[in-house]
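>>> Next come a sequence and a model predicted from it.
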Amino acid sequence: MVGHVRAQVLDSHCHAWRVWPYSPLVPDERHRGSIDQLIYEMDVHGVAEALVVCARIDNNPDNIDYVAFAHERYPRRLRVVADLDCTWSPTHHAPGSAQRLIDLDDRYDLEGFTHYVHRDNDGWLRSDEADGVFRVAADRGLLVSLAASPAWQADLRDIASRYPSVPILCHHLGGIRTAAGLDLESLEPLLRSAAVPNIYIKVSGFHYAATAQWDYPWPSVVRAFELIYNEFGANRLCWASDFPASSRYCTYRQTVEVVRSHCGFLSAADLDAIFGETLRKILARPRP
């Protein structure tokens, strides 16, 4: 599949749901975003292993259970990243988040947890609640998968610096947005986070950042990604498919090809790092 990538491919961000959660509805709602479909896409595209980011949205309140059971079926292919107090949850930024994380980790074989926040920064990362969550992550060797806009990056740098053993993977190019002209000012808070070595960026979701979401290969976003690459380097970047959410805007292959075929600034060694080696090193880190 990935002709210029010599190492095994790892996916740092995908999903799987028992029931398709998006509009418009689909006729095969119990298959379109299922674990079986995810494994099929991984097999077709040569993806050895994936972090499955849980999201208990719409008709999927049991999504962590669903993904954890899939991990038991495919222990060498899938790793569980639990949904913790995301924006759709009634416990979003409510007291007790650290204990809820402990309870999740005790129940499931977690690789880490994901936390989605609103685009505007509400200050949660500066709170004692957030500090408690990151302390649990450090004590238990969990990674953090964070969906946040660049407005959160200054606070993220502060808490990441206090917990240097916790890998933090920022979703979808750090939540940037581009327009017809590249907005360098909006990128600056994200680019500054390159100074903190445990902050990583998922190379995914180009369509989310584009003004025209169907405009593959999203040239304005590729230009923004080059700036991210220049600051972070390939060893802090992890490719992700965002399957099946991405299938609303592009094919699985296009999530690969936008990086492999349309980012001419990347060397063969860079591609190896982005498509697997960076994430492999994160997964192989010493854990308590």
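Perfect, thanks for sending it.
>>> number of nearby residues for residue 14?
By other CB atoms under 10 Å, 26 other residues sit near residue 14. Backbone N, C-alpha and C define where each C-beta goes, glycine included.
>>> what's the spacing between the residue nearest to it when sequence neighbours are not counted and residue 61?
Leaving aside its sequence neighbours, residue 14 sits nearest to residue 243 (CB to CB, 6 or more residues apart in numbering; 4.6 Å). Per CB to CB, to the nearest Å, residue 243 is found 21 Å from residue 61.
>>> With neighbour numbers in mind, choose between those two.
Comparing residue 243 with residue 61 by neighbour count (other CB under 10 Å), the higher total belongs to residue 243, at 25 against 11.
>>> May I ask which helix or strand encompasses that one?
Take DSSP states H and E as the rule and residue 243 turns out to sit in neither a helix nor a strand.
>>> Number the chain from 13, please
Happy to do that; since the first residue is 13 now, the last one works out to residue 255.
>>> Let's see the pLDDT reported for it.
On pLDDT, residue 255 comes in at 98.
>>> and what of the one 4 residues further on?
Looking at residue 259, its pLDDT is 95.
>>> burial measure for it, as a count.
By other CB under 10 Å, neighbour count at residue 259 equals 19.
>>> Ok, residue 87 next?
Residue 87 has 10 nearby residues by other CB under 10 Å.
>>> Then residue 136?
Counted with other CB under 10 Å, residue 136 comes out at 19.
>>> can you give me the helices for this structure?
47-56, 75-85, 109-119, 140-152, 165-174, 196-204, 218-221, 231-244, 264-272, 280-284, 290-295 (DSSP state H).
>>> Indicate which one of those helices is closest to residue 62.
Smallest distance to residue 62 across the helices of the chain (CB to CB): 6.3 Å, for helix 47-56.
>>> got the contact list for that closest one?
With contacts defined as CB atoms under 8 Å, 6 or more residues apart in numbering, helix 47-56 is touched by 13, 23, 26-28, 43, 59-60, 62, 64, 78-79, 82, 85-86, 89-90, 253, 255-256, 264.
>>> any idea how far the nearest residue to residue 124 once chain neighbours are set aside is from residue 62?
Nearest residue to residue 124, sequence neighbours excluded (CB to CB, 6+ apart): residue 155, at 3.4 Å. Distance of residue 155 to residue 62, given as CB to CB: 14 Å.
>>> so who does the closest residue to residue 267 other than its chain neighbours touch?
The spatial neighbour of residue 267 that comes closest, neighbours along the chain excluded (CB to CB, 6+ apart), is residue 253 at 4.6 Å. Taking CB under 8 Å, 6+ apart as the contact definition, residue 253 lies against 23, 25, 26, 53, 59, 62, 216, 264, 267, 268.
>>> Same list (the residues you listed) but as a markdown table, adding distance to residue 126.
Shown next, in a markdown table, are those (distance: CB to CB, whole Å):
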| residue | distance to residue 126 |
| --- | --- |
| 23 | 14 |
| 25 | 9 |
| 26 | 12 |
| 53 | 20 |
| 59 | 19 |
| 62 | 14 |
| 216 | 13 |
| 264 | 21 |
| 267 | 19 |
| 268 | 22 |
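>>> Top of those by number of neighbours, please.
residue 23 (31 neighbours).
>>> Just the pLDDT for the closest residue to residue 72 other than its chain neighbours.
Nearest non-adjacent residue to residue 72, counting by CB to CB, 6+ apart: residue 29, 4.8 Å away. Residue 29 is assigned 98 on the pLDDT scale.
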